[in-house]
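A.B. asks: How does the following fold in three dimensions:
(one chain, ligands or ions: 1)
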Amino acid sequence: MDLYGKDLICTQDWEVDELEAVLDLAAKMKRDRFSSAWTSLLEHKTFLMFFYNPSVRTRQSFEAAATDLGGHAQYLEPKAMRLKTEKTAGETIEDAAQVMGRYAAGLGIRMLEDKIGTYGEAEDLLREYAKWSTIPIISMAHDKYHPCQGLADVMGWAEWFGAGPGRRLDMGLLEGKKLLLTWGHGALARSWSSVQEALLIGSRFGMDVSLAHPEGYDLGPQVVEWTQENCDANGRSFEITHDPRAGYDGAHVVYSRHWMSPNAYQGGEFQKQEEIEKALQYPEWIADSEKMALTDDAIFTHPMPVDRNHEVTDGVASGPRSCIYDVAENRLHAQKALLALVMGNL
Ligand code: CP
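C.D. replies: Reported below is the predicted structural model:
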């Protein structure tokens, strides 16, 4: 299998065995982080990172990943780049992408909620870069997907159902496990990227999926359709409920996260304050110990940053079945493996 030069914009674009190759390598890199087997894989190579939106984990883990592999990650704020937009003259993506390919070995882009005026705009931008670029384009979270988060999620869940973090990874352990992906009330008006990615990658790895949200918080129709298709292909179930408790029954993984409503881009602008005010009207949508007691001893997962005591109580987020820090750590290992495979000298 040769993944050299391959873009990663959504895990649904990749075959399951390609995703497994990344995860297998990530597990090996996690066991022996600074082995000389890895520390020169990106020697002299640069990974460019465009952050339209803030980040803690993504920036830090990509920078650390490039360093661990002997390369360099260069941080760029697109406002410094004089790119052409609908409202301003400037450089086209075609030109920018072709030149960057002469300098670097890979390019990551983050573009989220308030940097776009309609759902799908960030995805279009990434696909435009991918069209013109000679180097791999990696989503570092955009309006639709967060593929590196998805890889770290399933790696963490499989570790918890197996020998434990840092031990042998068996992705087959996710088959037949029930993932509850539930909306949580909150004050952050978050995009759909992480939760949509989790639905897709969880269903690709054979999980039963329960999606729970209040009426009016539907996710993208394409993602719902793909999740159904993934579950059908694996002989697994997919249900959608609008009851804040129903999905917990028998769940093995509980993922509680706020996301904005499909009305968030009314008028071609992100309606952040309206979204926050609306979301705070649903206080019963929170992962708490009473609901977790309905599960099959589920682990609690979240991509972070956590909106504590809105999306999840402190007791659950910091409890003995919380895998949030392991998943956050796995961002580093999954991204190291990804960069090594698509940019490196393997
Ligand atoms: N989960 C995640 O992408 O975190 P950051 O927004 O801090 O990068």
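A.B. asks: okay, CA-based contacts and neighbour counts for the rest of this
C.D. replies: OK.
A.B. asks: I'd like the average pLDDT over stretch 3-11.
C.D. replies: Mean pLDDT, computed over stretch 3-11, is 98.
A.B. asks: how long is it from one end to the other?
C.D. replies: Distance between the two ends of stretch 3-11: 13 Å, counting by C-alpha to C-alpha, to the nearest Å.
A.B. asks: Then stretch 172-182?
C.D. replies: Counting by C-alpha to C-alpha, you get 24 Å between the two ends of stretch 172-182.
A.B. asks: Neighbours of residue 219, how many?
C.D. replies: For residue 219, the count of nearby residues is 18 (other C-alpha atoms under 10 Å).
A.B. asks: in terms of contact, does it touch residue 192 like I think?
C.D. replies: Yes: contact criterion C-alpha atoms under 8 Å: residue 219 and residue 192 qualify, at 7.2 Å.
A.B. asks: near the ligand, which residues of the stretch 51-200 of the chain show up?
C.D. replies: Residues of the stretch 51-200 of the chain lying close to the ligand by C-alpha under 6 Å from any ligand atom are 55, 56, 57, 58.
A.B. asks: Looks to me like residue 22 is in a helix.
C.D. replies: Yes: per DSSP: H, G, I helix; E, B strand; the rest coil, residue 22 lies within a helix segment.
A.B. asks: any idea where the strands of this protein begin and end?
C.D. replies: 46-51, 72-76, 106-111, 137-142, 178-183, 208-212, 238-241, 253-257, 299-301 (DSSP state E).
A.B. asks: Please dump these into TSV; it should also carry mean neighbour count for every row.
C.D. replies: What follows is the strands of the chain, written out as TSV (neighbours: other C-alpha atoms under 10 Å):
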stretch	mean neighbour count
strand 46-51	22
strand 72-76	18
strand 106-111	24
strand 137-142	28
strand 178-183	28
strand 208-212	24
strand 238-241	16
strand 253-257	26
strand 299-301	25
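A.B. asks: Can you lay out the ones you listed as a markdown table showing distance to residue 12 and mean pLDDT?
C.D. replies: Output for those, formatted as a markdown table (distance: least, C-alpha to C-alpha, whole Å; pLDDT from 0 to 100):
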| stretch | distance to residue 12 | mean pLDDT |
| --- | --- | --- |
| strand 46-51 | 22 | 97 |
| strand 72-76 | 26 | 96 |
| strand 106-111 | 18 | 97 |
| strand 137-142 | 13 | 98 |
| strand 178-183 | 18 | 98 |
| strand 208-212 | 16 | 98 |
| strand 238-241 | 17 | 98 |
| strand 253-257 | 20 | 98 |
| strand 299-301 | 21 | 98 |
